[in-house]
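1. structure for this input, please:
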Amino acid sequence: MSRSAPTVGAAADLPPVQPPSIRRSSARVRVDGAELDLHYRVAGSGPPLFALHPSPLHSAFMAPLMARLADRATVIAPDTPGFGDSDPLPDPIHDLGPCVRAMKALRRALGLDRVGVYGSATGAQIAVEWAKSEPQALSGIMLDNAAAFDETERRQILKGYLPDVTPSPDGSHLARAWLAAHDGTLFFPWQVPAAENRIARSLGSAAAMQVTALGYLRAGPGYAAIYRAAFRNERVGRLAQVSIPLVILRWEGSILARWTGRLDTRAWGANVTMAHCGASLEDRWTCLEHNLERILPADSVRAGDLCLESGRLRHVDSSFGQIRYWHPSGQPATRLLIPQPGATGASLPDSAQQPASVVVDLPGHGGSALPASLNFRHCVEAVRRVAAATGATARSVAGFGASDVLAQAAAVADAATVHAAAGPADFSGVPPDLASKRAGTHLFRAWHWLREQFLARNEPPPEPVRLTKMLIDLIDAQAAHRLVQEALENQHRTDRS
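-> Down below sits the predicted model:
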C-alpha cells in the first residue's frame, strides 16, 4: 500500500555542505580477474602517501596520522582487502601478493603515477612486497612495527594467536574475539601470558579492546589468512631486497620493539635509514615527520580530487559531514530504503533490497557523520542528499520500523510515493546500555537483545553471519541510535497532533 508523500522543499533549500577534513570514498577495481570494491579515507594536500593499517584494524586507525600530516602530504588510507568496508579477496590467500595487486589497482584507479607508502605491522609487510613488485611507482616506504622473527619464534607466536571468529549461534565467537583484544593490551603474543611477554604495566582501556575486537568481527574468519601471511613475511631477507628508499622506525614503545631491535645489527645499503624513536607516542610522530621527506614523491595532489565513489558503498556531502549510502547497481535509483535506527545497509536482509534500490545510512550510523546536535531535519537532509546524488527523477521511499516516519517526510519529487517496509512506525526498539566494558559483557548484551527482537515477534533469529553484522551496526551507532529514535518519535507525535 502506498500513500502520497508530503514534500519538504526543493533541493535548493538544503543547507550548504561542509566538506570534512578526512573524506571517505570507494573505488571499484579489478584484482586477479575479480571486481573488488575498496573503501578508503583521504585527507590533506601535497605529495601522495598511502598509509596501510595493521590487522585486524582498518583505515580509521590512520585518522590521527592523517590529521597530523594533512599540511605536508595527501594521505590515502585504504581498508586493505577483507578489512573494514573493503571486499575480501576472491581466492584463498597464501601470501601478500593479492593485497599488493589490490593496492596497485587502487593507485592506478586514482591516477597516481608515483606514491610514498607508510605501513604499520601487516601494512608494513604489504609495503615491503609492493616496493619489490613496483619500485618505479613507489618513491619510498616507511615501516612501523616491523620485526625480524626466526622460524621457531614465528611458529610459537602463530600457535593460537589468530582467534577463530566464525559466527556461531551461541555468540561464542564474540568471546574469542574479545579475549584476544583484551589480553592483547597486556601481552605479546597475547595467548602466552608470561612475564617475558608483558608489554604494559596494566590492562588497556575497554575502548581500545573494542576497536580490536570489532576489527576481528568486521573482517570475519577470512582475516586470518592475510594476518598469517604478514607474519610469514617478517624476514630480514625480504627487507634486503628493497631497492628504493626505505625508512625503518625503531620505536621503543612498539610491542615488537625487541624484535625490531635486531634490524640494527644488519649492514644495510645506502637506501635504508634506521630511524630511532623514543618510547612516547609523541616521540614516534616526531620521528616519523622528521623522516617523511625521504619517502615522498615530488608531485602534489589534493584529497578532493581522489574521491572516485565508483564502488557500491558511496558518500555524499551534507551540512554536517558525509552521508554513506549503498548503491549496488550504480544506476539511477527508483527506490530508497531507510533502515531502522541502529542498523545500516550492511545488515539489511537481502530480500529487502532490489537491483534499483539505494540504502541510506542514517546520521551517526555506519559511515555517516553524526551532527553535533542531531534533530529530525538532519535525518531528512541525509535522505534527500542521497536521493539527489543517485540521479533519479521518480522513486518510492521505504522506511523500516521507526524510519517509516522519516520516509514520509523525505520525499524528493512530486511523483514520489512512500511505502511502509515494515508496518507502522515502531519506537520500541531502544537497546540497553552498550558502553564498552573490559569484560566484554556489552557484546553479549547486544547479541541477545537483537535475538530477542525477533523472538518477540515469533520470528527465528537471523543466521549468525547477519546477526554479527547487526551487532556491529548497533555498537557503531550507539552514540546516535537513541538520538535518532527520539527525533523520529518526536516528529511522529507532531504529525499526529
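2. so residue 325, which of the three states?
-> Under DSSP: H, G, I helix; E, B strand; the rest coil, residue 325 falls in the strand class.
3. so what pLDDT did it get?
-> On pLDDT, residue 325 comes in at 95.
4. likewise residue 311?
-> On the pLDDT scale, residue 311 gets 93.
5. and the closest residue to residue 144 other than its chain neighbours, backbone torsions?
-> Nearest-residue entry for residue 144: residue 120, 4.3 Å, with adjacent residues in sequence omitted and distances by CB to CB, 6 or more residues apart in numbering. Bear in mind the C-beta positions are built from the backbone N, C-alpha and C, glycine included. Main-chain torsions, residue 120, degrees, to the nearest 10: phi -120, psi 130.
6. buried residues, stretch 276-288. List them.
-> 277, 284, 285, 287, 288 (16 or more other CB atoms under 10 Å).
7. give me the nearest residue to the fourth one, chain neighbours excluded.
-> Translated: residue 287. residue 277 (3.7 Å).
8. wait, the one you found sits on residue 283?
-> Yes: Residue 277 is within contact range of residue 283, at 5.0 Å (criterion: CB atoms under 8 Å).
9. common neighbours of these two, please.
-> Common neighbours of residue 277 and residue 283, counting by CB atoms under 8 Å, 6 or more residues apart in numbering, are 251, 252, 253.
10. for the first one, give me phi and psi.
-> Going back to what we said before, that points to residue 251. phi -90, psi 120.
11. got it, and residue 327?
-> Dihedral angles (degrees, to the nearest 10) for residue 327: phi -130, psi 80.
12. now swap in residue 371 and tell me
-> phi -60, psi 160.
13. show me the shaky parts of the chain.
-> Along the chain, the model assigns pLDDT under 70 to residues 1-12, 351-355, 392-395, 410-428.
14. longest strand in it, please.
-> Using DSSP state E to define each element, the chain has its longest strand at strand 34-46.
15. how far away is the residue nearest the centre of the chain from residue 136?
-> Note on the chain: the residue nearest the mean C-alpha position is residue 84, at 3.4 Å, using CA atoms, centre = their mean. Residue 84 sits 29 Å away from residue 136, taking CB to CB, to the nearest Å as the criterion.
16. over to residue 124?
-> 21 Å.
17. show me which of these two is the more surrounded one.
-> residue 124 (27 against 8; other CB atoms under 10 Å).
18. need the helices for the stretch 1-150 of the chain, in chain order.
-> 63-69, 97-109, 122-133 (DSSP state H, counting those that start in this stretch).
19. list the contacts of residue 437.
-> residue 206.
20. buried ones in stretch 216-236?
-> 216-220, 222-235.
21. contacts for stretch 190-207, please.
-> So stretch 190-207 is contacted by 156, 159-161, 180, 182-189, 255, 436-438 (CB under 8 Å, 6+ apart).
22. the same query, at a cut-off of 6 Å, please.
-> Stretch 190-207 is contacted from outside by 160-161, 180, 183-188, 255, 436-438, using CB atoms under 6 Å, 6 or more residues apart in numbering.
23. may I see the buried residues of that stretch?
-> Going by 16+ other CB under 10 Å, stretch 190-207 has these buried residues: 190, 191, 197, 199, 204, 206.
24. look up how far residue 472 lies from the fifth one.
-> To tie it back to what came earlier, the one meant is residue 204. Taking CB to CB, one finds residue 204 at 21 Å from residue 472.
25. and what of the first one?
-> Residue 190 sits 22 Å away from residue 472, going by CB to CB.
26. again, but for residue 201
-> From residue 201 to residue 472 the distance is 31 Å (CB to CB).
27. what does residue 292 give?
-> 34 Å.
28. where along the stretch 351-497 of the chain do the helices fall?
-> Using DSSP H, counting those that start in this stretch, helices in the stretch 351-497 of the chain cover 376-390, 403-409, 441-455, 464-476, 478-496.
29. which elements pack onto the shortest one?
-> Helices and strands touching helix 403-409, as assessed by 3 or more CB pairs under 6 Å, 6 or more residues apart in numbering; DSSP states H and E, comprise strand 335-338, strand 396-399, strand 417-420, helix 478-496.
30. distance from the longest one to the middle of the chain?
-> To tie it back to what came earlier, the one meant is helix 478-496. 27 Å (CA atoms, centre = their mean, to the nearest Å).
31. what's it in contact with?
-> 341-342, 362, 364, 370, 374-376, 402, 405, 425, 427, 430, 434.
32. enumerate the positions of that helix that are buried.
-> Buried residues in helix 478-496 (16+ other CB under 10 Å): 478, 480, 481, 483, 484, 485, 486, 487, 488, 489, 491, 492.
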